[in-house]
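> okay, structure incoming, though there's no sequence with it:
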């Protein structure tokens, strides 16, 4: 009797999961990686149990840990860690924990938060690991590892990083609910990978990919992207990858032998994958990437749209264009002008509304002001938000006020 190796079993499970997702969503394009950031002010509010963790009542509790459920044990460990945090770190860390738990619920059964608070990644001080089957498949980071101005700003955010394993083994259609969640909490997508799988191989194979590049089929707006070949290209071997585009520009594509990656060279199938990695280096990534991945895959270039059509799918192309950034000095000047107008012209009316208007009406008015004022409309809301926060944040016990913007 031949027993399949764990790697082959894992590869088969990945294959089944991807087929199931296609059946449920009707889309051949799969979300294979997701990263997003949100401001602490918009982060989920921790539950009462998280904010006020139970204390150990007796030593018998510790002695009876082997008798309680795994879930109760995990909650006990979380409570112990939270009680040991310094007061300045408690709020952000508990919000990060709540975010990690929310993300696990959106991903579906089998995902949990590791009760150990670990060292952070990407300049975050701490991270809560998102686990599946005993392995980390994502994390939520909080606070900053340093005191530089940039890291001080980062400390006011939470960041979630979901690896390919989390996206693959999440319940089918998870990304639709995740999109709603990101919008609810005003999150910014910082990376999203879109994968198109050819389980029986791309017509012409990997050799065709190199020929398409040489023929200029991957050119975009008259520009030929940089490329890089990895693997045994000269010998025509298996396990090859063809990269084109640029990480620095926030758009890179990798075409590779997915079957070799999962099953190894000896048991490789003809499975090949085209994977587009979008980053926010020069682009503002829309949350709708999660709702219409096929459209944005087709919008990457005419070649990507062609490959999607060869797969049997026709989608309306939605490109994500680079965003020219206006100088910071210009944005600061416009924000200063706007604040000066508010205090000198609209201030008295705003004060009356704040003092005497019922809060529900006032909150409704603010909530419905989706557009920026005319002179600020050429900027992105996230950029305006950052400048306003910098202008009015407290420094050494003082903050900018009306006097600072007097005409």
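That came through, no problem. For clarity, every value in this text was computed on a predicted model and none was experimentally measured.
> what part of the chain, helix or strand, is modelled with the least confidence?
helix 59-63 (a mean of 48; mean pLDDT, DSSP states H and E).
> can you pull out the strands in this structure?
29-39, 111-119, 124-132, 135-144, 157-162, 188-198, 227-230, 241-246, 251-256, 272-279 (DSSP state E).
> look up how far residue 367 lies from the residue nearest to residue 335 when sequence neighbours are not counted.
Distances taken as CB to CB, 6 or more residues apart in numbering place residue 387 nearest to residue 335, at 4.8 Å, with adjacent residues excluded. Using the backbone N, CA and C atoms, a C-beta is placed for each residue, glycine as well. Distance, residue 387 to residue 367, using CB to CB, to the nearest Å: 22 Å.
> of those two, who's got more company?
Remark: of residue 387 and residue 367, residue 387 carries more neighbours, 20 against 8, as counted by other CB atoms under 10 Å.
> deepest of the strands of the chain, which one?
strand 157-162 (a mean of 25; mean count of other CB atoms under 10 Å).
> where in this protein is pLDDT low?
1-9, 48-77, 79-80, 82-87, 324-329, 370, 393-407 (pLDDT under 70).
> what do you get if the cut-off is 50, keeping everything else the same?
By pLDDT under 50, the low-scoring segments of the chain are 1-5, 7, 57-59, 61, 63, 65, 394-398, 407.
> what about stretch 250-258, distance to the chain center?
18 Å (CA atoms, centre = their mean, to the nearest Å).
> now tell me what touches it from outside.
With CB atoms under 8 Å, 6 or more residues apart in numbering as the test, stretch 250-258 has contacts from 197, 202, 206, 209, 230-231, 238-246, 268, 271-283, 300, 304, 320, 322.
> cool, stretch 212-230 as well?
210, 240-246, 256, 301-303, 306.
> can you rerun that using 6 Å?
241, 242, 243, 244, 245, 301, 303 (CB atoms under 6 Å, 6 or more residues apart in numbering).
> any chance of a markdown table for those residues, columns distance to residue 362?
Putting these into a markdown table (distance: CB to CB, whole Å) gives the following:
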| residue | distance to residue 362 |
| --- | --- |
| 241 | 56 |
| 242 | 56 |
| 243 | 52 |
| 244 | 52 |
| 245 | 47 |
| 301 | 47 |
| 303 | 52 |
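> closest one to residue 171 out of those, please.
Comparing those against residue 171 with CB to CB places residue 241 closest, at 29.5 Å.
> ranges for the helices of the stretch 201-350 of the chain?
For the stretch 201-350 of the chain, the helices defined by DSSP state H, counting those that start in this stretch cover 205-214, 258-263, 293-298, 302-310, 328-341, 347-356.
> now the first one against strand 188-198, angle please.
Orientation of helix 205-214 against strand 188-198 (axes from the mean of the first three to the mean of the last three CA atoms, to 10 degrees) gives an angle of 120 degrees.
> buried ones in helix 205-214, by neighbour count?
Judged by neighbour count using 16 or more other CB atoms under 10 Å, the buried positions of helix 205-214 are 205, 206, 209, 210, 212, 213.
> against residue 185, how distant is the residue nearest to residue 335?
From residue 387 to residue 185 the distance is 21 Å (CB to CB).
> before we move on, what about residue 44?
Relative to residue 185, residue 44 is positioned 7 Å away (CB to CB).
> now swap in residue 290 and tell me
Taking CB to CB, one finds residue 290 at 14 Å from residue 185.
> so these two - more neighbours on which side?
Comparing residue 290 with residue 185 by other CB under 10 Å, the one with more neighbours is residue 290, at 24 against 17.
> quick one: residues contacting that one.
Residue 290 sits in contact with 175, 178, 179, where contact means CB under 6 Å, 6+ apart.
> and what of residue 274?
196, 255, 307.
> beta partners of the first one?
This means residue 196. residue 29, residue 274 (DSSP bridges).
> so for the residue nearest to the spatial centre of the chain, what's the nearest residue that isn't a sequence neighbour?
Geometric centre of the chain, nearest residue: residue 35, 2.0 Å, by CA atoms, centre = their mean. Sequence neighbours aside, residue 191 is the residue nearest to residue 35 in space, at 4.0 Å (criterion: CB to CB, 6+ apart).
> now residue 165
Using CB to CB, 6+ apart, the closest residue to residue 165 is residue 137 (4.2 Å).
> with residue 33 instead?
residue 193 is the one closest to residue 33 (CB to CB, 6+ apart), at 3.8 Å.
> same question, residue 313
residue 28 (5.2 Å).
> for the one you found, what are its contacts?
By CB under 6 Å, 6+ apart, the contact set of residue 28 is 22, 311, 313.
> if we go to 7 Å?
22, 196, 294, 311, 313 (CB atoms under 7 Å, 6 or more residues apart in numbering).
> before we move on, back to that, so what's the residue nearest to residue 33 up against?
Residues near residue 193 by CB under 7 Å, 6+ apart: 32, 33, 275, 276, 277.
> against residue 166, how distant is it?
Distance of residue 193 to residue 166, given as CB to CB: 12 Å.
> the closest residue to residue 40 other than its chain neighbours: neighbouring residues, count only.
Spatial nearest neighbour of residue 40, excluding adjacent residues (CB to CB, 6+ apart): residue 156 at 5.3 Å. Number of residues near residue 156 (other CB under 10 Å) recorded here: 15.
> from residue 104, how far out is residue 156?
24 Å.
> cool, and residue 281?
From residue 281 across to residue 104, the span is 29 Å (CB to CB).
> of those two, which one has the most company?
Taking other CB under 10 Å, residue 281 and residue 104 do not tie; residue 104 has more neighbours (22 against 14).
> apart from its chain neighbours, what residue comes closest to the more buried one?
Using CB to CB, 6+ apart, the closest residue to residue 104 is residue 111 (4.1 Å).
> who does that neighbour bridge with?
Beta-bridge partners of residue 111, as defined by DSSP bridges: residue 132.
> looks like it contacts residue 133 (just checking).
No: the pair residue 111 / residue 133 is not scored as a contact, 9.6 Å apart, by CB atoms under 7 Å.
> make CSV from the buried residues of helix 205-214 and add distance to residue 12 to it.
Output for those, formatted as CSV (distance: CB to CB, whole Å):
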residue, distance to residue 12
205, 23
206, 23
209, 26
210, 30
212, 31
213, 32
